[in-house]
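Colleague: Sequence first, then the predicted structure:
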Amino acid sequence: MSFYDKHVFICCNQRAAGEDCCNNHGASELLGYMKDKVKTLGLAGEGQIRVNKAGCLGRCDAGPVMVVYPEETWYTFIDQQDIDEIVAEHMVAGRVVQRLKI
């Protein structure tokens, strides 16, 4: 059994000026928002959800991106509303958010 029910990795990679990357699209700010949201809802910790910063996940063209394990579900997102939907639907209800899946 895994220590966490779900483990989320959000790419916060910053490439050299002019190169596209997740952090150019607000990934670090949205990582902080998602971590706070999960904690506020009481979903963080052992047996629950862990949200982590990740280096390059190799999908910058779809960025910003996250991957949720153990399901291996990849998402793109652009704002807090997308994060809210991923938390409510995937993390709480167990349903993949098809419109954000990549």
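Modeller: Okay, I see it. Numbering: from 1, shown residues only.

Colleague: what about the helices in the chain?
Modeller: Secondary structure of the chain (DSSP state H): helices located at 27-40, 80-85.

Colleague: a markdown table for those helices, including mean pLDDT and distance to Q14?
Modeller: All C-beta atoms are positioned from the backbone trio N, CA, C, and that covers glycine. Below are these laid out as a markdown table (pLDDT from 0 to 100; distance: least, Cβ to Cβ, whole Å):
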| stretch | mean pLDDT | distance to Q14 |
| --- | --- | --- |
| helix 27-40 | 96 | 8 |
| helix 80-85 | 98 | 20 |
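
Colleague: right, and these - which one's nearest P64?
Modeller: Proximity to P64 (Cβ to Cβ) singles out helix 27-40 among the helices of the chain, at 3.9 Å.

Colleague: Quick one: list the elements packing against the closest one.
Modeller: With contacts taken as 3 or more Cβ pairs under 8 Å, 6 or more residues apart in numbering; DSSP states H and E, helix 27-40 sits against strand 6-11, strand 49-54, helix 80-85.

Colleague: I figured A54 was touching F9, is that so?
Modeller: Yes - with contact defined as Cβ atoms under 8 Å, A54 reaches F9; the gap is 4.0 Å.

Colleague: sorry, back to before: ranking the helices and strands packed on helix 27-40 by burial, who's on top?
Modeller: Across the helices and strands packed on helix 27-40, the average number of neighbours (mean count of other Cβ atoms under 10 Å) peaks for strand 6-11, which reaches a mean of 21.

Colleague: Torsion angles phi and psi at G47?
Modeller: Here is the backbone geometry of G47 (degrees, to the nearest 10): phi 80, psi 0.
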